[in-house]
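Asks: quick one, what's the 3D model for this:
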Amino acid sequence: QVQLVESGGGLVQAGGSLRLSCAASGRTFSSYAWGWFRQAPGKERGFVAAISWGGISTSYLDSVKGRFTISRDNAKNTVYLQMNSLKPEDTAVYYCNAVSRTDGGWQAEDDSWGQGTQVTVSS
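Replies: Modelled structure (predicted):
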């Protein structure tokens, strides 16, 4: 059974930075692409960023390009999201999951999710 544990969220002022971590177990971490998603109040969960299994290729939601950086450490089964120049519209619960690329974009591999980590950006 896959277990995902997200951490690193918090309350930060606009323009600030946070680094999120996601520790994964129950899956061969290095064999998969991994991604971050977020869900703001009243909205559906949506894609934020993805990184290929080898860490060479990355993909980002347009609104976070140049501000967020996804990375991974296969030795630690962990994926990270460095978030800089945060904006109030980045406020959401952030989740990670293994991902695959489909015609509809990046999709989560698992139906089950971790508890997420809350990011709140004040103006």
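Asks: quick check, central residue of this protein?
Replies: Closest residue to the average C-alpha location of the chain: Trp36 at 2.0 Å, with C-alpha atoms, centre = their mean.
Asks: give the bridge partners for it, please.
Replies: Ala49, Cys96 (DSSP bridges).
Asks: how much space separates it from Tyr60?
Replies: As defined by C-beta to C-beta, to the nearest Å, Trp36 lies at a distance of 10 Å from Tyr60. To be clear about C-beta, it is placed using only N, CA and C from the backbone, and glycine gets the same treatment.
Asks: ok, now Gly26?
Replies: For Gly26 relative to Tyr60 (C-beta to C-beta), the value is 27 Å.
Asks: more neighbours, the two?
Replies: A direct count of neighbours by other C-beta atoms under 10 Å for Gly26 and Tyr60 places Tyr60 higher, at 18 against 12.
Asks: what values do phi and psi take at Asp62?
Replies: Main-chain dihedrals, Asp62, degrees, to the nearest 10: phi -50, psi -40.
Asks: burial count for it?
Replies: For Asp62, the neighbour count with other C-beta under 10 Å is 6.
Asks: name the helices or strands packed onto the lowest-mean-pLDDT helix or strand in the chain?
Replies: With mean pLDDT, DSSP states H and E as the measure, the helix or strand of the chain carrying the lowest mean pLDDT is strand 105-108 (a mean of 93). Strand 105-108 is packed against strand 33-39, strand 46-51, strand 92-102, with contacts defined by 3 or more C-beta pairs under 8 Å, 6 or more residues apart in numbering; DSSP states H and E.
Asks: and Glu109, what does it touch?
Replies: Applying C-beta atoms under 8 Å, 6 or more residues apart in numbering to Glu109 gives the contacts 32, 97-100.
Asks: ok, now with 6 Å
Replies: By C-beta atoms under 6 Å, 6 or more residues apart in numbering, the residues touching Glu109 are 98, 100.
Asks: how much space between it and Lys65?
Replies: 24 Å.
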